[in-house]
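A.B. asks: Based on what follows, work out the 3D shape:
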Amino acid sequence: MRKLMIYMLIFCGATTIGLGQNSNLENAEVVIEKQSSFELPVMSRDYEKIDKIQRKNKKVPQQYNVTLINEEVADSLPQQLPAVLDQREEKKFYDKYIRAGFGNYITPYVELGINGNTNPNFDYGVKFYHKSSQEGAVGRKLSAESRNEFDAFATKYSDYGITNASINYNRQGTHFYGFTADPNMISQDSIKQIIQSIGFDVSHEIPSYLTGNDLSFKGGLLFDYTFDHYNANEVELGLQLEGDYQLNEDAKINAHLKGAYNQYNNKTLTDTEISQNRSWFKLGVNYQTFLDDIYIKAGLKLAYSGDTSQYDKGFYIYPDILVRYTISEDELAAFFKVDGDLELVNYNNVTSMNPWVNNNLNLLHEDKAINIQLGAEANLSDEIGVKGSIGYALSNNMGFLINSPTDVSRFEMVYATNDKTGNFKIDLEGMWSKREWEVIAQARLNAYNVQDTLIGKAYHRPISENTISVKYKYLSNWKFGAVVYNKIGIKAVEFDPQTGARNEINLPVIFDLNLTAQYQFNENLSAFGLVNNLFSQKYQEYYRYNVRGFQLMAGVSYKF
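C.D. replies: Residues are numbered from 1 along each chain as shown. Take a look at the predicted model:
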């Protein structure tokens, strides 16, 4: 009987405790807190995912990229640099999103994308972007512009390696609005320019952990087709191969080959056909090793240009040397680099920089014969990082954009083919990041020495380029940003159509301030606003092409 009473007391006590616990659960609040910083995963063709197979950690050369100290305060606004062209940086975004906005100059903006990574063996992404301004800085509709982009990629992970495929389409619409005539006498269609490009690439990579030895390999094919509103077009079909062989834990050999068939077609102002085979290839081999705190890369590069022009046709050999000394791990490093390269100049990259080029655009690759650089990188504290370097480069066939003597609204490329061009350069970068603040300052100084007397000056190449970026995150909902943008020492030249006399022009200093703000209503919905060219300065990065003045845009963003 006594044992029975004890069992009953234990049972009643356990029941009471259980009821009490249930009661607490019914009244409890379960809080699931998610930090939403609007840092959207980058839709990149080089998507990296967690490796299924654990690999041994290997030494890599110590690098202090100050821009990576803190990426917490990142905005997702449609970037509007004060240049005429829309030079956006790659966007960051969630798995599914849509953004839309509207600004003065009748400027609609739409961007949407999908990034799928739920399948452990397959990733994909699709992105669409549109931004246009129906009015511009000159003659309203006569300086309208637009940009459309479509990108898609897919990555397949398997026991046989990693397969990547991507396709992209770009369409840039603009007008030759740098004219001297009365705007009332010019029709919009007569000065229209549209540049489009279609490209795709496919590659396959076999990492060393799949080959079962110390060899890794990657190979791929690439294609690009670029054409304009008139007669210019360029097609490029290429191949790229790269391999690494790990000799031991501290040393490896790297080899890479990239080449392409390139055909450029255009028509001169007198309707003479231009047809140039500009095929090329580059081959490089280097040896990389660690000697305690010293990283050494030593190798050679071989390049060949099959250009129709005599000025850049032939073989080129360049050094490929880098020595990096880690003075204090994670704090201070110094480096010394000696290399060179065949800088490819094609219709695609020239028109991406300046779409107002003339029909008879001349193209030559730049032979950067030697490039010497000495610098240091340091993390002064957990919040401050700095980087600086000085260098000197010597090039053949350096190209410069000048306004055409027959039509100042169009540009031509002229090249220093009679002699070399030197460039003494200084690069400085610093970053301060603490909690909700991030400040990045960058400065570049170029001192060109154009020895070709027919060219004389480095036209449309600034002596100094400087930016200061400030980002601030207030509470959990607000983000603010400011960018100071500055260029100094841009020169242009124009010719008297009657006498051919040269007149050099110093373009005004560019100094601009851009502001951004965004408010997060919840984890899905946010609103943004931005002001571009706050001081409404209609300056020129290219002679006779004023940028738009004060620009204001507001919009919303929604992620799924």
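
A.B. asks: if I look at residue 409, how far off is residue 282?
C.D. replies: Going from residue 409 to residue 282 by CB to CB, to the nearest Å gives 36 Å. All C-beta spots, glycine's among them, are computed from the backbone N, C-alpha and C.

A.B. asks: before we move on, what about residue 458?
C.D. replies: With distances taken as CB to CB, residue 458 is found 26 Å from residue 282.

A.B. asks: With residue 254 instead?
C.D. replies: 14 Å.

A.B. asks: which one of the two has more residues nearby?
C.D. replies: Taking neighbours as other CB atoms under 10 Å, residue 254 and residue 282 compare with residue 282 leading, 20 against 17.

A.B. asks: Give the buried residues for the host helix or strand of the more buried one.
C.D. replies: Secondary-structure assignment from DSSP states H and E places residue 282 in strand 280-291. Buried residues in strand 280-291, defined by neighbour count with 16 or more other CB atoms under 10 Å: 280, 281, 282, 284, 286, 288, 289, 290.

A.B. asks: Not counting sequence-adjacent ones, nearest residue to the fourth one?
C.D. replies: Take residue 284 and drop its neighbours on the chain: the residue closest to it by CB to CB, 6 or more residues apart in numbering is residue 301, 4.5 Å away.

A.B. asks: Shouldn't the one you found be within a strand?
C.D. replies: Yes. Inclusion of residue 301 in a strand is indicated when DSSP: H, G, I helix; E, B strand; the rest coil is applied.

A.B. asks: I'd guessed residue 199 sits against residue 223; true?
C.D. replies: Yes. With contact defined as CB atoms under 8 Å, residue 199 reaches residue 223; the gap is 6.2 Å.

A.B. asks: any idea whether residue 209 is helix, strand or coil?
C.D. replies: Three-state call for residue 209 (three-state DSSP): helix.

A.B. asks: Give the burial count for it, as a bare number.
C.D. replies: As a burial measure, the neighbour count of residue 209 was computed by other CB under 10 Å and equals 14.

A.B. asks: Any chance you could give me the strand holding residue 282 in CSV, C-alpha atoms only?
C.D. replies: The C-alpha atoms that make up strand 280-291 are tabulated as CSV, following Å, rounded to 0.1, in the frame of the first residue of the first chain:
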residue,chain,number,x,y,z
TRP,A,280,44.8,36.2,-82.4
PHE,A,281,46.0,33.8,-79.7
LYS,A,282,47.8,34.0,-76.4
LEU,A,283,49.8,31.3,-74.6
GLY,A,284,51.3,31.5,-71.1
VAL,A,285,53.3,29.2,-68.9
ASN,A,286,54.4,30.0,-65.4
TYR,A,287,55.8,28.4,-62.3
GLN,A,288,54.5,29.4,-58.9
THR,A,289,56.0,28.6,-55.5
PHE,A,290,56.2,29.6,-51.8
LEU,A,291,59.5,30.2,-50.0
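
A.B. asks: And it, what does it pack against?
C.D. replies: In terms of contacts (3 or more CB pairs under 8 Å, 6 or more residues apart in numbering; DSSP states H and E), strand 280-291 is packed against strand 251-267, strand 294-305, strand 332-343.

A.B. asks: Pairing partners for the helix or strand just after the longest one, with directions?
C.D. replies: Toward the C-terminus, strand 251-267 is succeeded by strand 273-277 as the next helix or strand (DSSP H and E). Strand 273-277 has these partner strands in its sheet, going by DSSP bridges: strand 251-267 (antiparallel).

A.B. asks: Tell me the pLDDT of the residue nearest to residue 284.
C.D. replies: As summarised for this prediction, residue 301 has a pLDDT of 99.

A.B. asks: Now do the contacts for it.
C.D. replies: For residue 301, the set of contacting residues under the criterion of CB atoms under 8 Å, 6 or more residues apart in numbering consists of 282, 283, 284, 317, 318, 319, 320, 339, 340, 341.

A.B. asks: measure it to residue 339 for me?
C.D. replies: Residue 301 sits 7 Å away from residue 339 when distances are taken as CB to CB.

A.B. asks: Could you do residue 213 as well?
C.D. replies: Distance check for residue 213 against residue 339: by CB to CB, it reads 30 Å.

A.B. asks: And those two? Which one has more around it.
C.D. replies: The neighbour count for residue 213 versus residue 339, taken as other CB under 10 Å, is higher for residue 339 (20 against 10).

A.B. asks: Using the three-state scheme, assign residue 534.
C.D. replies: For residue 534, the secondary-structure state derived from three-state DSSP is coil.

A.B. asks: Can you tell me the closest non-neighbouring residue to it?
C.D. replies: Closest residue to residue 534 apart from its sequence neighbours, by CB to CB, 6+ apart: residue 513 at 4.4 Å.

A.B. asks: gap between the two ends of stretch 525-543?
C.D. replies: Using CA to CA, to the nearest Å, the end-to-end distance of stretch 525-543 comes to 42 Å.

A.B. asks: Tell me the buried residues in it?
C.D. replies: Of the residues in stretch 525-543, those scored as buried under the neighbour-count criterion (16+ other CB under 10 Å) are 526, 528-534, 537, 539-543.

A.B. asks: What mean pLDDT does that stretch get?
C.D. replies: 94.

A.B. asks: for stretch 259-266, same thing?
C.D. replies: In this model, stretch 259-266 has an average pLDDT of 97.

A.B. asks: the helices in the protein, which residues?
C.D. replies: Chain-ordered helices for the chain, with DSSP state H as the definition, fall at 2-27, 208-211, 347-353.

A.B. asks: rank these by pLDDT, which is bottom?
C.D. replies: The lowest average pLDDT among the helices of the chain, as it happens, falls on helix 2-27, at a mean of 39.

A.B. asks: that older thread, tell me which of the buried residues of stretch 525-543 is nearest to residue 308?
C.D. replies: Compare each of the buried residues of stretch 525-543 with residue 308 using CB to CB and the shortest gap goes to residue 542, at 27.7 Å.
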